[in-house]
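In: quick one, fold the following:
(chains A and B)
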2 protein chains.
Amino acid sequence: MPKVLIAGGGLVGALNACFFANRGWDVEVFDVRMDIRKMEHVPGRSINLALSQRGKASLDAVGLKDYIANSGVQMFARLVHDMDGKTLHKQPYGQPGEHIVSINRRHLNEIMITEAEKFDKVSFYFEHKVIKADSRKKELVIMNLNTNEQLKFNGDLILACDGAHSAVRRSLMAAPHFNYSQEYIGHGYVELNILPKNDDYALEPNVFHLWPRGDFTLIALANRDKTFTVTIFAPFKIFEEEMYDDESVLKFFKKYFPDAYTLLGDTHILETFNRMKPQTLLNIKCSPHSFGDCILLTGDAAHAMVPFYGQGMNCGFEDCLVLSKILDEFNDNIPKALAAYTERRVKDCHTINDLAMYNYNELKDLVNKFRYKLRKKFDLKMNKYFPNFWIPLYSMVTFTQIPYSIVVERRSWQDKTLSKVFKTISFVGTASLIGLAVYKTQIYKRYI
Amino acid sequence: MPKVLIAGGGLVGALNACFFANRGWDVEVFDVRMDIRKMEHVPGRSINLALSQRGKASLDAVGLKDYIANSGVQMFARLVHDMDGKTLHKQPYGQPGEHIVSINRRHLNEIMITEAEKFDKVSFYFEHKVIKADSRKKELVIMNLNTNEQLKFNGDLILACDGAHSAVRRSLMAAPHFNYSQEYIGHGYVELNILPKNDDYALEPNVFHLWPRGDFTLIALANRDKTFTVTIFAPFKIFEEEMYDDESVLKFFKKYFPDAYTLLGDTHILETFNRMKPQTLLNIKCSPHSFGDCILLTGDAAHAMVPFYGQGMNCGFEDCLVLSKILDEFNDNIPKALAAYTERRVKDCHTINDLAMYNYNELKDLVNKFRYKLRKKFDLKMNKYFPNFWIPLYSMVTFTQIPYSIVVERRSWQDKTLSKVFKTISFVGTASLIGLAVYKTQIYKRYI
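Out: Reported below is the predicted structural model:
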């Protein structure tokens, strides 16, 4: 059986380990962190994860869907909070019953590591840092952080699942024809928490809470322990100019998010803002995703995206599923499978990166616009009567496994169709008006 | 006096060394290659260099302009070769006397190293490979390739002049807010040579020879030793599909570049094509160019560009001059100077990168289009009568030091002005026609 080396034991690395364990391959996973199952506090970003259809289907393929979906909190709608701190507007995500699931990153990661480790042929090397990858030698150079020893591992397939700042990818930057871009957006984020109130959720749990305020936004997602993870997204400029000291931070929250402010509490807000600076958000695109006959970038290493479509993890999980299916199709012929993967998957990843950027505008402001709400309602109504024919954009991304690039093609077709319909209506309308005018003119003429 | 560490002793690194030597700073330059002055053959790309005003002005500031300009071959025009192998069209670059200079990369590099080394406080470390840079520690980690020893050097300023695949830049990829893109174009190139004929140039030396053939192009630039450096640029697809073996390569040259083909000779063409694969061409943009208080990217490390405006070296040399002037302005306050450099220079570098891509289309095909030639002639005529008011785009880039971003603003103003003039002319024309039509109608009416 072939051997796969996996750089990174985070969400995508651990899921890939499950896939290849099921495949019967030898699996070696290298992670720079210590075993998160033994850690008290896991550093790094979280931004609560929302599991949707693509993620579920991928977990399903390794037998984890039900367990994980049941460990999260279902969310059926967006709940938009007005400035007055009282008025709420509910916008369902899809048809009744359609939902996404708020998931705890660490819990999910731990389950997958434990699941993969059940297989004899799977080894996790924690506190092992990837230094570089060599596609010709099919080799990973690794530093054992406990001994400072430099080790070399060889495999038939090397998967880079080591995140947005991938060491594997960095060592391949000079590969000919490797197109790459990384772009930081002007917004940063700070994460806070709302604790339970009288032993219960302080807000409605089964919705995605949203405080859209034009250029900045607050969101809250429920956790199983009855807390909420709360995130403020704002331009760095606003953090600097309007949240520069204790007083201004509290004033800002009180003014724009009065209901959330009360639940968060002064002490927690200040403690958080004094402890950490706003974090950056990054958009990464590259092509190809494969190098030589043996290296493949997956997850954030290939396509880190801004978190505004909730698809970062889902797309990364779908990478694992797509790879697995392509390996089936090519009978484990790795070079052919990698070439096919790049050929098919890159455009889908580019598309969801772009959609995530686009959806930021939606989250920021659009949700409050009349025209947007009307289209949303129209799409859902159409979808109710023609469930296979007319699926709204958000639903195609979130509740189906239609390849992202096809999703956008279909949306563009919907837009064109609607535009034609409106043109026809307005043409018929205009023609009728002109007809009426001519008719009236004829009548008036008799009296001139 | 402060100390500057320079990563890379190529063209931009060596010129920076001259600038800082003149400034009286301690200078340490690290180059991965052995001393090129001691090498028989220097590997790596050349694509003949064309020195223009920005490069000259920068060399002038360290006292090298005249010596270097006199070591090259002046080129006053493009000479376009037709498919028949006989017909030639000359297109002057600017006003009579305006020219660019064909320069030998190696010779230029050697002169600058020798010049910098004349200063006591300048040291060159050859066969020293930069491993990484640390902006916080103001440190370069260097590997001595002869001893395999890892060394650390500290300085007040660290300049990355280590080219498109800069090791310094690579070690800073994860710096927050560092936006970066690298893009390979679909075209590759192969370099050939035309030898002297009867001890003289085989083609007219003082022009830039051009064989534009739509999607692919051949160019030739004269050297002082009476040879020509010849480069074919073509899509990789064309190299693969139409130049795949000895016979097809010769057929291709014979068909499209008959006169060049005769001068190059079968043996030389085949020897070259069998020895090397077509090389890639890369476009790099990033922002900022400075990191922390001490690191600055210059030259190709900051803005590798495709070679179609002949500005890669000139822009890199201008980087050195701009930095020097800004350091003067801020009295050697390095952090302030670096911030100002990024603020002012990045947009200019982005602009010339874009112009280089744009000019590729010009080189490929446009030079043969009637409308393009007309505009070129019009621009030169206008420039003759209004030398300061109307400078053609190519001349602003090549014969002035107007910042690239202003060049493009001015060009856009010229385009708008021309468009207005044409609109006015066509309005007056149309109005006259309508007037005439109405007048005639009146006359005819008399006879109806």
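
In: excluding covalently adjacent residues, which one is nearest to the residue of the stretch 201-350 of chain A found nearest chain B?
Out: The nearest approach of the stretch 201-350 of chain A to chain B comes at A:T280, 4.9 Å away (Cβ to the nearest Cβ). Just so you know, the C-beta spots here come from the backbone N, C-alpha and C atoms, and that holds for glycine as well. Leaving aside its chain neighbours, A:T280 sits nearest to B:P176 (4.9 Å; criterion: Cβ to Cβ, 6 or more residues apart in numbering or on different chains).

In: for that neighbour, give me phi and psi.
Out: phi -60, psi 140 (degrees, to the nearest 10).

In: what about it, neighbour count?
Out: By the criterion of other Cβ atoms under 10 Å in any protein chain shown, B:P176 has 10 neighbours.

In: again with A:F422
Out: Per other Cβ under 10 Å, the neighbour tally for A:F422 reads 10.

In: a helix runs through it, doesn't it?
Out: Yes - under DSSP: H, G, I helix; E, B strand; the rest coil, A:F422 falls within a helix.

In: got a list of what it touches?
Out: Contact analysis of A:F422 by Cβ atoms under 8 Å, 6 or more residues apart in numbering or on different chains lists nothing.

In: do you know how far it is from chain B?
Out: Per Cβ to the nearest Cβ, to the nearest Å, A:F422 is found 33 Å from chain B.

In: ok, now A:V407?
Out: Separation of A:V407 from chain B (Cβ to the nearest Cβ) stands at 25 Å.

In: check A:K138 too.
Out: For A:K138, the distance to chain B equals 22 Å [Cβ to the nearest Cβ].

In: what's around that residue, how many residues?
Out: Counted with other Cβ under 10 Å, A:K138 comes out at 20.

In: now do the closest residue to A:M243 other than its chain neighbours, the pLDDT please.
Out: Nearest non-adjacent residue to A:M243, counting by Cβ to Cβ, 6+ apart: A:V249, 4.6 Å away. As predicted, A:V249 sits at a pLDDT of 98.

In: dump the residue contacts of A:V249.
Out: Counting by Cβ under 8 Å, 6+ apart, A:V249 has contacts A:M243, A:I269, A:L270, A:F273.

In: give me the beta-bridge partners of A:P235?
Out: On the basis of DSSP bridges, A:P235 is bridged to A:H187.

In: what number of residues lie near it?
Out: A:P235 has 16 neighbouring residues, counting by other Cβ under 10 Å.

In: how near is it to A:R213?
Out: 12 Å (Cβ to Cβ, to the nearest Å).

In: A:L282 reaches A:A304, doesn't it?
Out: Yes - with contact defined as Cβ atoms under 8 Å, A:L282 reaches A:A304; the gap is 5.3 Å.

In: give me the common contacts of these two.
Out: Counting by Cβ under 8 Å, 6+ apart, the residues touching both A:L282 and A:A304 are A:A164, A:Q182.

In: and these two? Which one has more around it.
Out: Legend: neighbour count by other Cβ under 10 Å for A:L282 and A:A304, higher for A:A304 (23 against 20).

In: list the contacts for that one?
Out: In this structure, A:A304 makes contact with A:G163, A:A164, A:Q182, A:L282, A:N283, A:I284, A:G312, judged by Cβ under 8 Å, 6+ apart.

In: which residues are in contact with the third one?
Out: For A:Q182, the set of contacting residues under the criterion of Cβ under 8 Å, 6+ apart consists of A:A164, A:L282, A:N283, A:I284, A:A304, B:M173, B:F178, B:N179, B:Y180, B:S181.

In: what about 10 Å?
Out: Shown in contact with A:Q182 (Cβ atoms under 10 Å, 6 or more residues apart in numbering or on different chains): A:164-165, A:282-286, A:304, B:173-174, B:178-181, B:286.

In: can you name the residues bridging to A:S290?
Out: A:L296.

In: tally of neighbours for it?
Out: A:S290, neighbours per other Cβ under 10 Å, totals 24.

In: isn't it up against A:L297?
Out: Yes - using Cβ atoms under 10 Å, A:S290 is in contact with A:L297, at 7.6 Å.
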